[in-house]
Each structure stands twice: as structure tokens, then as C-alpha cells.
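Visitor: I would like the atomic coordinates for the input below:
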Amino acid sequence: MASLFTGKILIVNNKDCDEMDTERELSQRLENKVMLLYFGSGECPRCQEFSPVLKDFFVRLTDEFYVERASQLVLVYVSQDETEEKQEKFLKTMPKRWLSLPFQDEFKRELESMFVVCDTPVVVVLKPSGEVISGNAVEEIERLGPACFKNWEEAADLINRNFLLAEDFDDMSLRSITDPIRRLKYKLDKKMKKEKRENEEEDAMS
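Guide: Numbers count the residues shown, from 1 in each chain. Got it, this is the predicted structure:
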């Protein structure tokens, strides 16, 4: 499933907004998991009703407060928000384990076309292979809650990593000495972008 985002950046919804862009990072986070692509926005009335339901659904499957072992589930928010500020405002209310594409990434439009997204909210459920389990699981999530993950898990034929030997993870070693350099580059670009936005806001106020 990491192949869907090869060459892309995914942002972790944590305080530092960490960026995952290397093959190793994407593989560790996405492989052998059921993936949810959530097409929504913070201001869409229907999304405002559904997002808290999806948040609770995700937390109950992945938070150690509710489960002994987090489910093999990952969610990528594909923003339909009008501005980057509105996207950031919405994500601040959502789980820190959510991922998202950068606001300016045109790959969002490709995903909309790929999965025929005409309205929101839409939750596309994918197997690790990329095969679609559900084109829109919104109603299923609302009706069944966390119980529907069991159906997806069986359909996805997930490998139980509890039974994998240590040598099975050898491929997860650092694959390129350029990884830290690329990560630093993106952090610097991000810092410059933030400073530029702050300067523009100051100019607008003066």
C-alpha cells in the first residue's frame, strides 16, 4: 500500500507535523495494514456530523486505552478544505496518528478521480495490496462501529506481525544515507514556509 504514496510526502498529525517521505518511513507506517482514505473537510455539514464518529472509531481500534494491541489500521486524510488554515484547524481536533497529504499536493485530485469521489464525506477502505474493500464505508462505520474492522481484516488477509521473526524485519534497516538529508531539507522548507506566512500576516496587519 505504500506504493500508492511513493514519491509523496505524508504528514503525521502530531505537534511537530512530522513528514514521512522516505521509502523506509512509508513502508513501516503503511505496509500490511488496512488503509482508510478519508475525503472530507472541517466545514462540510455532513462531515461535521461524521468526523467525530470516525475519530471515535479510529481511537477505539488504535489507542492503548481501549485495546491491548493497536489494530493494523492507518488513516490518510485527503483534505477537501478550502484553505490550509482550515485544514490545520480541523486536524487539530483529530487523532495524532492520522496522516495527511500536504495541502498544496495535487495528488489529492488524482485520488479523488481514482476513487470516483463526488461528494463528502467518503471513506475508501483499501487492502495492503491496494485493492478496494469498500468504495465508501461511511454508512458501515456509522452502523457497526469498530466491529466492521473485523470484516475488513479478514478481507485483507493481514499478516499477524506478532509471529514474525526478527530477521523478517531486516529490510526495515536504513536503505539510503540520503534519508536524513532529505528529512532535514523538508524541515527547513517547512520552517521557511511558516516564517513567510507569518511575515505576510504581519504585513497585512500593518
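
Visitor: Grab the nearest non-local neighbour of Gln104.
Guide: Glu84 (7.5 Å; C-beta to C-beta, 6 or more residues apart in numbering). C-beta: built from backbone N, CA, C; applies to glycine.

Visitor: Ramachandran coordinates for Val78?
Guide: phi -100, psi 90 (degrees, to the nearest 10).

Visitor: list the contacts for it?
Guide: 37-40, 100-101, 108, 111-112 (C-beta atoms under 8 Å, 6 or more residues apart in numbering).

Visitor: most centrally placed residue in the chain?
Guide: Val76 (2.1 Å; C-alpha atoms, centre = their mean).

Visitor: one step back: for the contacts of Val78, could you give me JSON lines that also reports neighbour count and pLDDT?
Guide: Below are the contacts of Val78 laid out as JSON lines (neighbours: other C-beta atoms under 10 Å; pLDDT from 0 to 100):
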{"residue": "Leu37", "neighbour count": "22", "pLDDT": "98"}
{"residue": "Tyr38", "neighbour count": "25", "pLDDT": "98"}
{"residue": "Phe39", "neighbour count": "25", "pLDDT": "98"}
{"residue": "Gly40", "neighbour count": "24", "pLDDT": "97"}
{"residue": "Ser100", "neighbour count": "24", "pLDDT": "97"}
{"residue": "Leu101", "neighbour count": "21", "pLDDT": "95"}
{"residue": "Lys108", "neighbour count": "19", "pLDDT": "96"}
{"residue": "Leu111", "neighbour count": "18", "pLDDT": "96"}
{"residue": "Glu112", "neighbour count": "17", "pLDDT": "96"}
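
Visitor: which among those gets closest to Glu198?
Guide: Closest approach between those and Glu198, by C-beta to C-beta: Ser100, at 21.5 Å.

Visitor: which residues does the residue nearest to that closest one when sequence neighbours are not counted contact?
Guide: In this structure, Ser100 finds its nearest non-sequential neighbour in Tyr77, 4.1 Å apart by C-beta to C-beta, 6+ apart. Listed by C-beta under 8 Å, 6+ apart, the contact set of Tyr77 reads 13, 38, 40, 91, 94, 98-101.
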